[in-house]
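Novice: Following is a predicted model, sequence given first.
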Amino acid sequence: MSEQRTVAMLKCHGASNDFIILDECDAVLIPDALKAAFARLVSDRRGGIGADGVIFVSRFDARHPRMRFFNPDGSEAEMSGNGIRCASRACFEGGYAGQDPLVFKTPGGFFKTENFFSDTHQLPFVRLSTDAVSTNPENILASRSSAPFINQPFHVHGQQWMGTLLAIGNPHLVVPVLDLHALDLMTLGAAMEHHPMFLNRANVSFVQVVDRRTLLVQTHERGVGLTLSCGTGMTASVLAQLLNGTVDNHVPVEVHSAGGIVWVTPQVNGERVAAQLTGNATWLYRGKLFLEIDAEEIRFASPQRLEREMDYEEEGARFAQLAKQSRFDRTILKGTSLEPLLQAGLHA
């Protein structure tokens, strides 16, 4: 027997990487067995609500919230750097009101977040500490090799590329390029994500170095495709460039993407590889989803999928001013899967 259910949701984004958040701190809203199906349903930008993924926040214990993140294809990711910033603000303003820092339990480990208001940009910001970055690719490579894969060659479509592998809760391949305009991003991103050298695919970030304090980054996310930005991808990109000598240690690096700007400070001391990722966590709107749920399926209960209850237009306008400062040329994305999203507006 099916059950009709109205579920509260929050639409938000970090550097235009947009998410639907469900707060399960007090009660389970979507059964675990249906969370993947729910993510596929609501993330669909044509038949659903539209998002780069779904975040469920809940209580791990009294001091530690839990975050689970599902990609639009229903796969569960170990971590999301932009997503956890949004989850942190949701918890800081919700079930973990005022607690700071907040240390999240995720499938990729524990991650510390700090909430603050950016006077410069007049926006809520979150600083994420990634204290457990690994250069050991044993859980990334199908060969199970544990030798660091830093600036190593690999082949795609008969061409040799150089790449660096890092694990920031989830697997990342960072590929430096001279000019992002020269790439077939969709073809290369998909081919590299599914490269047979990987045990379970990988996120792929193409990086163009502007100078020692500025990078341009385009990421193809595992289970998503091209995204306007990727928090862990941008963090991995800065760390990879530090390991390859093109940025400086302990110095903030501006990372520019189609979705905006974040700041990554690499913190490498001996064998310890870590970084801080700082950027916006911006609310778009709150609303209610109208769902029909049974033991095996979840669907929208009526033609009206969503009722928007509160829009955060002023906050969105302030973020738009920040996004305009990005040095990423969005014409790079002409002809890609992101072009319709850019034409419709980043946060439609």
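Specialist: Received it, and whenever you're ready, just let me know what you need.
Novice: Leaving out sequence neighbours, find the closest residue to residue 215.
Specialist: The spatially closest residue to residue 215, leaving aside those adjacent along the chain, is residue 255, at 5.1 Å (C-beta to C-beta, 6 or more residues apart in numbering). Glycine gets a C-beta too; all of them are placed from N, C-alpha and C.
Novice: Just give me how far the helix or strand that contains the one you found sits from the chain centre.
Specialist: If you go by DSSP states H and E, residue 255 is part of strand 253-257. Strand 253-257 has its C-alpha centroid displaced from the chain centroid by 15 Å (C-alpha atoms, centre = their mean, to the nearest Å).
Novice: what's the answer for stretch 213-221, then?
Specialist: Mean-position distance between stretch 213-221 and its chain equals 12 Å (C-alpha atoms, centre = their mean).
Novice: do the same with stretch 138-157
Specialist: 23 Å.
Novice: how much space is there between residue 259 and residue 121?
Specialist: Distance of residue 259 to residue 121, computed by C-beta to C-beta, to the nearest Å: 15 Å.
Novice: Those two: which is more packed in?
Specialist: Shown here are residue 259 and residue 121; by other C-beta atoms under 10 Å, residue 259 has more neighbours (31 against 16).
Novice: residues contacting the more buried one?
Specialist: Shown in contact with residue 259 (C-beta atoms under 8 Å, 6 or more residues apart in numbering): 13, 15-17, 227-229, 323, 326, 346.
Novice: Identify the residues contacting the strand holding residue 255?
Specialist: In this structure, residues lying in contact with strand 253-257 by C-beta under 8 Å, 6+ apart are 15-16, 210, 212-219, 228-230, 234, 237-238, 241, 247, 261-266, 326-328.
Novice: Any of these buried? List them.
Specialist: 15-16, 215-219, 228-230, 234, 237-238, 241, 247, 261-266, 326, 328 (16 or more other C-beta atoms under 10 Å).
Novice: From residue 234, how far out is residue 275?
Specialist: Applying C-beta to C-beta to residue 275 and residue 234 gives a distance of 10 Å.
Novice: so what's in contact with the two at the same time?
Specialist: In contact with both residue 275 and residue 234: residue 264, using C-beta under 8 Å, 6+ apart.
Novice: Narrow the contacts of residue 259 to those in strands?
Specialist: In this view, the contacts of residue 259 that belong to strands under DSSP state E are 13, 17, 227.
Novice: Mind putting the contacts of residue 259 into TSV with distance to residue 299?
Specialist: Shown next, in TSV, are these (distance: C-beta to C-beta, whole Å):
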residue	distance to residue 299
13	26
15	31
16	28
17	26
227	26
228	28
229	30
323	34
326	38
346	28
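Novice: State the distance from the residue nearest to residue 215 to residue 238.
Specialist: 6 Å.
Novice: between the two, what contacts are shared?
Specialist: Here residue 255 and residue 238 share the contacting residues 215, 264, scored by C-beta under 8 Å, 6+ apart.
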